[in-house]
Structure formats: structure tokens, C-alpha cells
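A.B. asks: whatever this is, show me its structure:
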Amino acid sequence: MNYANQANPIEDKIYSLFASCAKGIELLLKDELLNLGALSAQEKLAGVMFEASLSTSYKICLHSRLANQVQLKLNEFKFKDIDTFYNVLYGLPWNSYFSVDKSIKIEVSGKHQAFNNTQFAAQKAKDAIVDCFRDQMDERPNVALDMPDIFIAIHFQKDEAYIYLSLSGESLHRRGYRLAQGEAPLKETLAAAILVRLGWIEMLKTEAPILVDPMCGSGTLLIEAAMMTYDIAPNLNRENFCFMQWRNFDVDVWKSLKAQAIEAKKAGLKNQNVRFIGYDYDEKVIAKAKENVLALGLTEYIELAVKDVKYLTNLTKSHTGLIVTNPPYGERLYYNETEKLIRLFKTFGQMLITEFKGWRVGIFSAASDSVKALGLRAFKHNKFFNGALATTLYQFEISDQWVMKHETTKQKLMRQASNAILQDDAHLAFKNRLSKNHQQLQKWAVQQEIECYRVYDADIPEYAVAVDLYHRNAHIQEYQMGKNVDQKLAQKRLLQMVYHVSEVLGVKYDNIYVKTRQRQQGAKQYEKQSEIGQFRVVKEHDCLYYVNFTDYLDTGLFLDHRKMRQLVAKASTNKTLLNLFCYTCTASVQSALKGAKTINVDMSKTYLEWGKRNFNLNKIDLSQHLFIQEDCFSWLKSAFKMRKKFDVIFLDPPTFSNSKRMQNVLDIQKDQLELIELTMQLLTKDGVLYFSNNFRKFKFDESLMKKFNCQNIDDKCLSRDFLRRPNIHHCWEIREFRKMVKN
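C.D. replies: As a prediction, the model looks like this:
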């Protein structure tokens, strides 16, 4: 096809574009694009889709402080095979975008089922583009991995491909001023985002603003702040953009934009009201910072000096200002030197508290433990990604209110809880209900000889927690909050509840444990939450159990299964019991104390060992019992082949599991039929299967009713302390149908 007489497809009209950025700053980039003239903008992961004219796109490339790439969308399409992908790319009018003498580079991101890797996809895309030129012109463009004239980006998402032509080419974070850099440089675009988050632009409206970076490295934060202050277009020093190699590059528009930016810089540099100060302990690093500052002609605007943070003083004598820094956090600098890093932060914190009362501070770090050593409480946290590294911008205010007091975890909780109840009176409703429930259940628990029971279960919707008493310990499980719940209000209510749990139930703060309840899948349900290793002993009827409130998601004892454990134990007296998905073997302990011989099957070695400890705690001979770490589905099939039989089987599977230890994903709603049929094959003639699960929307498969004698026993298994949640679990007693005997 001859493109010579065709209208140019990239006229100065409205186009669809994509600007990429570091994860966590999408909203900031969206606002920036709209301010630069974009007509609409929509946040995506690590970027923003927007619409703009081509001249506005030039302007964005010149003035965007936050974008890494600006790309024009050429096409998007669905495809299933490599040939379709090739044909669509081959059919695009590449010669109308750029001439054959331009070098090209293609990068592919994302995944698609048609390609094993992105490199192969890039090769196939290159073939299509090159073949298109060769077939039309008998010539082909060359490929250049470094400094290409044309940069083509392809992104796969699900079964779609998005084809982009980059306006920027080399990432826009490369401003052109960084002639030298330290060992752990901060990307210029990320530095700009940090400053925007800290409100530096708003601070410029105040009288005589000051910015100090006490660990400035090669000076990136200082330079980006100065460029904002003096209205210097971030990419004014860049000489090459890929859009300059396009056929329709409008050089006059570009010259006009650059001329306007140069005039804005001249006007901005007349502002002598702002002060920038940067320090670093390393003389060589300060020398690099000075090179970079000189490259932008900002030497007289940014003060740089060699100074260790332990000698940091407020030479400005000002009571207001902004300190912002990206200190080492143990990735490249201070690697494997955690104690040294903590000492650095501790010293830094002491100097901040002593010298900079009234100042704002922003610290960008991935070393949360080190940041705690500052001795300051952050009033705001902003999540960013420094490349692939999850990093946080901690915002502080240097005042007595935010200085950490040296207090234990218990003292801190007591202080916060005591303060929370002074903020309103709504919590008194929770206090009254908790007190009423406790009075009613306390006598019942003594009569039942149980030390562990639920005393409150979201009785009042605004106070959505479950409170369980375990002897002298309280386990508070906060129900997962909805997206629209005010986080600060929820935290205040939680602290108020902690206060009343201590006061009403007589539980010491050291013995109050708070967790958030949410759906757990796969290996998460077995993961440790911490490594404290503190186990307590509690009593239920004539059994003793180990419970743990800190290291695991659950305590090791499901209180709502109390009556089910009794039923299983009674049926298993002097018989054989198979306990599937046995967890910590609590039902087996009760059964063993009644003479049962048990086999306990679970995927978790941790919980099986816990179960053995429960057996030993009750002085039960382990030689009469087996503990098997295996996927229950696989074990059931093997047991059937070996013709194993059991008098009683307890089957209590999780709602869902995609653990790597399992051969397949377990979904109890879908898999109940196969699981129960496999289990029933192992029952003796007069045996009984007790089946339970905690999936609230569970529906029992009606086909099982025709095969087996199935009796719902939810009422029998609902204990008094769980009456508020009658659907907390679903329990069934399942037997073989007994055949009628003829006389």
C-alpha cells in the first residue's frame, strides 16, 4: 500500500494516551495531567489513561514531574493465537508514523497465553513491523536496543494487547541534570511525588519557606524541590524525545513550548525568598551533588555542605520549615547493618526533637523498625514503590504531641484506651451489653465446667467484634470492615471496647489480644502471625487444651465446636475415630479420654504437633493414636484401597483451600459430594459420620439425602454462648440406610 497520498493518522486532534508512573502515585499523576491540559484522566495500576491533543502531549513530556513514560495508544485488540497477533500488527500503518530509516525498539510487558515469554512476543512484533515495511518499500527499519529513534510498547492484559508509540522514549525521570549519583539514587519522578505529597507546593505560598535534606546524597530531593519552586520544566534540559522522530513532528509547536518554559524559568529564578540546605557526611557524595546542582545553574540557590547527622543543628533559627530525606534503609547502603542503621535513626530523631520544634518532617524509607527508632509518631503514612520495593513516606510534626513516650506495649494500650473513652459516650452501650452478657453466661459456664466461651458477638453493629474469654484471657476478633468505614472511628471504637473488656471482665491489658477476622485462603490459614511462642492451658469439661493468642490466626480451640466435640466423643467411646482436617485434635482428645483409638489427618505439621501436645497434656498414651500429615482427599482414597474401617468419622473441612500441599483446590460447596462419599466408604456397618463446616451460605447437596441417612443437627451443636449466630456452622449426622430384614 502506498501511504504517500494518505492523510496523516496523527493529526493535532484528541488522542488516547497512557502515562506510566511508580505504583502509589497514580492519583498525583492524574491531577498533574489535568493541570497540564489533559481533557480526561483515569487511574490505572502504575499509570494513568488520559486524552489530549498532540501539542498538549508535547507539553506533558516537557513539564510532567511524575510520569516515567508518555505513550500514544495505536490499537487494542483481543487475540488467541500468535498468527492473529502478527497479522494485526502487520496491518497497522507504520510508515505513516515514522520513516523506514528510523531505528526501533520494542518492549513487551504483561502476560498472554499465546506466548511463553515477553522476549518471544517482542520478536514476533518486530517481525510484523519489519515485514510491513519490507513488503511496501523493499526496505526495513533497523533495531536499536540503545537510544532508538522509535520506541514501541506492547502490554498484555488477560487476552488483550495494547499497542503504544512512546512520545518520551527514554524514561522521563532522566532529566539530564544528574551528571553524578550516589550508591542508592532516588528516581527524580519519585522524589517529585514525595515533595507533592508533603505539600511543598502549598508551603511555597508561606513566608520564607525553608527545605532541609540532612542526608541529601546526590541532591535529587533538593533539586526537584528547587525546580518546582523556580518553575523550571523538569525536562527542559533533555535534547531527545521520540516524538521528534515522528513524521508529523511539529517543530514550531515544540520550539514555542520550550521558549515559554525558558521564560518561566527566568522569571522563577528571580524568587529569592526560599532557602534550600543539603548535608551529607560523605565529602565525595556532596561533590556529586554540587555537580548536579551546577548542571542546572542552581549553585547560588542550593546550599550544600559536609555534615554528619549527629551534628545537625537548626542554623536557620526558624520555627517552621520542611525536612525531607531519603535515608539509607539497608538495601544497598547499610546492608546487613541493622543495629548501625537503628543508631543512625535514633541520633537523627534526637536532633530533630532538640533542634527543630515546629517543623514538618518527611522520611521516605522501607525500614519501618529503623523509623520507629526516631522516637516520633508519624501522623500520616503514604505508600509508594521504589521500583519493586514497597516503601513508605512517613510524615511527622516535631511537637510534644508526637514525641513517643518510653512506654511498654501495655502502657501504650492503656493510655490509648483511656483516652478513647473520653471522646464520646456511644461506647457505654457496648459496656452495658458486655456486662449483661457476662452476668448471664458466667454462672452457666461454671455449671458446664468450661473456662472458654463467647461473651459478646457484634451485638451492637457499630461495635463489630467477637469477644471470647479463655480463663483469664480475652481474645477480641474484629470483624473485617467495609470499604466505606471510617478507619479513625473504627480504631477509636476498638480502643473503647478494649477498655471495657478489661474493666467489665476483669482482664489485665497484658492478657487482651486483638485480631481482625477475614476470609483466609490456602496456606494463609496455616501461616504464623508472629514468633512469640506463648501457650496457655485452658479447661473444657474434663479436658485440657493448649491455646495460643499471638502466633497464629486462630487460638487452637474452636469454641463454636464445643457441642460437636461432645457428640463425637460420646459416639466414639471405646471405638475407633477418624478425625479429618483435625486441626489441633481437640475432638480426638475428648474421644481418647473415653477410650477411643484415633487417627488424625491434616496437611499442617504445625497443628499435628500441637495435637500431640494436647494428648500429652491430658496424659494420653500416644502409641494408641496416629497423626498423619497428608491431603485428606489423597489419604481417603488410599485408605479405601487398604479397606480401612472406622466406627466414627469427624469431617470438618475448611470452606476453601488452595494450599500448595493439596493436589486440587478445595471448595466445600462444590466438593462436599465427593468428600462425603469418599468418607462414607470407610464407615463400619453401624458407623456414623459427623460432618460440619463454617461456610455461612452452605447448602447441603440433596443427592446425598437419597444415598445416606442424613440428619441436620445444627440445633444440637449450638451452644448457649453462640445463640446470636445460629448459622455459624452447619452440622450433619450421616449414616448408611439400614436395610429392612424380612421375617
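A.B. asks: check contacts around residue 538.
C.D. replies: For residue 538, the contact set (Cβ atoms under 8 Å, 6 or more residues apart in numbering) comprises 451, 452, 470, 471, 544, 545, 547, 557. Quick note: C-beta positions are derived from backbone N, CA and C, even for glycine.
A.B. asks: most neighbours, which of those residues?
C.D. replies: Neighbour counts for those were taken using other Cβ atoms under 10 Å; the highest belongs to residue 545, with 26 neighbours.
A.B. asks: what is the mean pLDDT for the helix or strand containing that residue?
C.D. replies: Using DSSP states H and E, residue 545 sits within strand 543-548. Within the predicted structure, the mean pLDDT of strand 543-548 is 96.
A.B. asks: export it as PDB, just CAs?
C.D. replies: Once side chains and other backbone atoms are set aside, the C-alpha atoms of strand 543-548 remain, and they are given as PDB (Å, rounded to 0.1, in the frame of the first residue of the first chain):
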ATOM      1  CA  CYS A 543     -10.100 -31.900  79.000                       C
ATOM      2  CA  LEU A 544      -7.100 -29.600  79.000                       C
ATOM      3  CA  TYR A 545      -6.000 -27.800  75.900                       C
ATOM      4  CA  TYR A 546      -3.100 -25.600  74.800                       C
ATOM      5  CA  VAL A 547      -4.200 -22.300  73.200                       C
ATOM      6  CA  ASN A 548      -2.100 -19.600  71.700                       C
END
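A.B. asks: what's the following helix or strand after it?
C.D. replies: Using DSSP H and E, the helix or strand that directly follows strand 543-548 along the chain is helix 562-571.
A.B. asks: what helices or strands is that next one leaning on?
C.D. replies: Under the contact criterion of 3 or more Cβ pairs under 8 Å, 6 or more residues apart in numbering; DSSP states H and E, the helices and strands touching helix 562-571 comprise helix 586-592, strand 646-651, strand 683-693, helix 714-717.
A.B. asks: repeat that with 6 Å
C.D. replies: Using 3 or more Cβ pairs under 6 Å, 6 or more residues apart in numbering; DSSP states H and E as the contact definition, the elements that helix 562-571 packs against are helix 586-592, strand 683-693.
A.B. asks: what sits up against the shortest one?
C.D. replies: Put plainly, it is helix 586-592. Helix 586-592 is contacted by residues 543, 545, 557, 565, 568-569, 572, 577, 579, 598, 600, 614, 618, 620, 650 when judged by Cβ atoms under 6 Å, 6 or more residues apart in numbering.
A.B. asks: and these, which is closest to residue 168?
C.D. replies: If you rank the contacts of helix 586-592 by distance to residue 168 using Cβ to Cβ, residue 557 comes first, at 59.2 Å.
A.B. asks: against residue 371, how distant is residue 378?
C.D. replies: Note on residue 378: its distance to residue 371, by Cβ to Cβ, to the nearest Å, is 8 Å.
A.B. asks: any low-confidence regions in the stretch 601-743 of the chain?
C.D. replies: Of all residues in the stretch 601-743 of the chain, those with pLDDT under 70 make up the ranges 659-663, 739-743.
A.B. asks: hmm, back to that, who touches both of residue 378 and residue 371?
C.D. replies: Residues touching both residue 378 and residue 371 (Cβ under 6 Å, 6+ apart): residue 394.
A.B. asks: so which of the two has more stuff around it?
C.D. replies: Neighbours per residue, other Cβ under 10 Å: of residue 378 and residue 371, the larger number sits with residue 371, 22 against 19.
A.B. asks: from the middle of its chain, how far away would the helix or strand harbouring that one be?
C.D. replies: Residue 371 is located in helix 368-372, with elements delineated by DSSP H and E. Averaged C-alpha coordinates place helix 368-372 at 19 Å from its chain's average position (Cα atoms, centre = their mean, to the nearest Å).
A.B. asks: so for the helix or strand hosting residue 28, mean pLDDT?
C.D. replies: Under the criterion DSSP H and E, the helix or strand holding residue 28 is helix 26-35. Mean per-residue pLDDT for helix 26-35: 97.
A.B. asks: that older thread, can you tell me which of the contacts of helix 586-592 is nearest residue 420?
C.D. replies: Relative to residue 420, and with distances defined as Cβ to Cβ, the nearest of these is residue 557, at 29.6 Å.
A.B. asks: what distance do you get for that closest one to residue 454?
C.D. replies: Between residue 557 and residue 454 the computed distance is 12 Å (Cβ to Cβ).
A.B. asks: ok, residue 31 next?
C.D. replies: Distance check for residue 31 against residue 454: by Cβ to Cβ, it reads 48 Å.
A.B. asks: could you do residue 434 as well?
C.D. replies: Relative to residue 454, residue 434 is positioned 12 Å away (criterion: Cβ to Cβ).
A.B. asks: what of residue 82?
C.D. replies: When residue 82 is compared with residue 454 (using Cβ to Cβ), they lie 58 Å apart.
A.B. asks: one more: residue 156?
C.D. replies: Here the distance between residue 156 and residue 454 works out to 49 Å (Cβ to Cβ).
A.B. asks: more neighbours, those two?
C.D. replies: Set residue 156 next to residue 454 and count neighbours by other Cβ under 10 Å: residue 454 wins out with 24 against 20.
A.B. asks: quick one: the more buried one is in a strand?
C.D. replies: Yes: per DSSP: H, G, I helix; E, B strand; the rest coil, residue 454 lies within a strand segment.
A.B. asks: that older thread, list the buried residues for the helix holding residue 371?
C.D. replies: 370, 371, 372 (16 or more other Cβ atoms under 10 Å).
A.B. asks: quick one: list the elements packing against that helix.
C.D. replies: With contacts taken as 3+ Cβ pairs under 6 Å, 6+ apart, helix 368-372 sits against helix 338-355.
A.B. asks: in CSV, list the C-alpha atoms belonging to the helix it packs on.
C.D. replies: Extracted as CSV, the C-alpha positions of helix 338-355 are listed here (Å, rounded to 0.1, in the frame of the first residue of the first chain):
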residue,chain,number,x,y,z
THR,A,338,20.6,-3.2,61.1
GLU,A,339,22.0,-2.1,64.5
LYS,A,340,24.1,0.6,62.9
LEU,A,341,21.1,1.8,60.9
ILE,A,342,18.9,2.0,64.1
ARG,A,343,21.6,4.0,65.8
LEU,A,344,21.6,6.4,62.9
PHE,A,345,17.8,6.9,63.1
LYS,A,346,17.9,7.3,66.9
THR,A,347,20.5,10.0,66.7
PHE,A,348,18.6,11.7,63.9
GLY,A,349,15.4,11.7,65.9
GLN,A,350,17.2,13.2,68.9
MET,A,351,18.5,16.1,66.8
LEU,A,352,15.0,16.6,65.3
ILE,A,353,13.4,16.8,68.7
THR,A,354,16.1,19.1,70.1
GLU,A,355,16.6,21.5,67.2
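A.B. asks: what lies in contact with it?
C.D. replies: Taking Cβ under 6 Å, 6+ apart as the rule, helix 338-355 contacts 309-310, 312-314, 330, 334, 370, 373-376, 398, 403.
A.B. asks: what's the farthest-apart pair in the residues you listed?
C.D. replies: When the contacts of helix 338-355 are compared pair by pair using Cβ to Cβ, the farthest-apart members prove to be 314 and 330, with a separation of 28.0 Å.
A.B. asks: that older thread, including pLDDT and distance to residue 440, could the buried residues of helix 368-372 go into CSV?
C.D. replies: Supplementary listing: those in CSV, determined by pLDDT from 0 to 100; distance: Cβ to Cβ, whole Å:
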residue, pLDDT, distance to residue 440
370, 82, 49
371, 87, 47
372, 85, 43
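A.B. asks: closest to residue 68 among these?
C.D. replies: When the buried residues of helix 368-372 are compared for distance to residue 68 (Cβ to Cβ), residue 371 wins out at 26.6 Å.
A.B. asks: give me phi/psi at residue 241?
C.D. replies: For residue 241, the backbone dihedrals are phi -130, psi 150 (criterion: degrees, to the nearest 10).
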